[in-house]
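1. Here is the input, now give the coordinates:
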Amino acid sequence: MKLLESKVVLLNRDKIKSRFIYHGIKRIFDIVAAACGIIILSPLMIIIAVLIKAEDHGPIFYKQVRVGKNGKTFKMYKFRSMFVNADQMLAELKEQNDVEGPMFKMKDDPRITRIGHFIRKHSLDELPQFFNVIKGEMSLVGPRPPLPAEVAEYSDYDKQRLYIIPGCTGLWQATKRNEVGFSEMVQLDIEYIKKANFWFDLWIIWKTVEIVIKPNESY
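-> Take a look at the predicted model:
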């Protein structure tokens with residue numbers, strides 16, 4: 001996938017909004033697929049919930065404020081993969097960030113629990129986001145929803161990621177993931193927004209399923 005060649009290229013927001021048929025089909029597909037996912041994967045989700053609770057008796061789910069379409073905030077759901085005091089530990093780990101830009105990722109993050117390592121490797125911690133999809137806060141495919149603190153450091157170019165509903169997975173997650181930094185991630189997201197169509201979405205979902213079955217170097 002060829003990245004954008006220039007950071008001065010801006011997306012046409014009105015053109016994106018005018019794609020009523022695509023967005024309508026995408027929303028119907030999101031609701032049906034997310035509902036089926038919840039039903040079919042409920043036994044697995046119950047097992048994960050039991051294992052999380054058994055490890056340290058802390059909360060099963062983790063809710064975090066994220067920024068969605070047009071800068072609107074919402075609470076994103078995940079299975080808790082870190083210790084309860086993970087947010088407080090973050091300030092001490094900032095200097096060990098493995099990526100440049102307003103996003104934190106650390107390969108050997110000491111905040112991750114034992115079950116957390118497994119569910120993150122297979123992207124199973126993201127399953128509760130099906131409920132965000134049902135609520136319309138997220139789509140199955142789209143840019144990763146950023147933290148408010150990350151958005152505060154965004155340039156106008158970076159903010160183009162917020163032109164559409166964020167996704168549970170996207171072009172970045174399904175292809176490059178930890179192989180690229182923040183800048184490249186933004187370029188991939190903008191590339192997706194420019195080329196988005198129903199078949200492209202299905203391809204990204206298929207690639208994501210492959211990663212769940214045969215994980216890449218995710219962390």
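2. buried set for the helix or strand hosting K26?
-> According to DSSP states H and E, K26 maps onto helix 20-56. Of the residues in helix 20-56, those with enough neighbours to count as buried (16 or more other C-beta atoms under 10 Å) are 23, 26, 29-30, 34, 37-38, 45, 48, 51-52. Glycine gets a C-beta too; all of them are placed from N, C-alpha and C.
3. Hmm, I193 and Y22 touching each other?
-> No - the criterion here is C-beta atoms under 8 Å, and Y22 misses it with I193 at 11.7 Å.
4. Determine the three-state secondary structure at the most centrally placed residue in the chain.
-> Central residue of the chain (C-alpha atoms, centre = their mean): R144, 3.7 Å from the mean position. The three-state assignment at R144 reads coil, by DSSP: H, G, I helix; E, B strand; the rest coil.
5. Could you do E153 as well?
-> Applying three-state DSSP: E153 is coil.
6. Next one: it from G170, what distance?
-> According to C-beta to C-beta, to the nearest Å, E153 stands 20 Å off from G170.
7. the more surrounded of those two?
-> G170 (24 against 12; other C-beta atoms under 10 Å).
8. Now do L11 against I21, distance only.
-> From L11 to I21 the distance is 19 Å (C-beta to C-beta).
9. So which helix or strand of this protein has the lowest pLDDT on average?
-> Using mean pLDDT, DSSP states H and E, the weakest-scoring helix or strand in the chain turns out to be helix 86-93, at a mean of 66.
10. quick one: the helices in this protein?
-> 13-17, 20-56, 86-93, 114-121, 129-134, 148-151, 171-174, 182-195, 198-213 (DSSP state H).
11. Work out the gap between the second one and the centre of the chain.
-> Averaging C-alpha positions (C-alpha atoms, centre = their mean, to the nearest Å) puts helix 20-56 14 Å from its chain's average.
12. sorry, back to before: compare the helices of the chain and say which comes out lowest on pLDDT.
-> Across those, the stretch with the lowest average pLDDT is helix 86-93; it has a mean of 66.
13. what's the helix holding K26 packed up against?
-> Packing partners of helix 20-56 (3 or more C-beta pairs under 8 Å, 6 or more residues apart in numbering; DSSP states H and E): strand 73-79, helix 114-121, helix 129-134, strand 139-141, helix 198-213.
14. could these be laid out in JSON lines, adding mean neighbour count?
-> Listed next are these as JSON lines, based on neighbours: other C-beta atoms under 10 Å:
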{"stretch": "strand 73-79", "mean neighbour count": "19"}
{"stretch": "helix 114-121", "mean neighbour count": "18"}
{"stretch": "helix 129-134", "mean neighbour count": "20"}
{"stretch": "strand 139-141", "mean neighbour count": "26"}
{"stretch": "helix 198-213", "mean neighbour count": "15"}
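15. Throw those into TSV and include distance to G58, thanks.
-> Converted to TSV, those look like this (distance: least, C-beta to C-beta, whole Å):
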stretch	distance to G58
strand 73-79	12
helix 114-121	11
helix 129-134	20
strand 139-141	28
helix 198-213	25
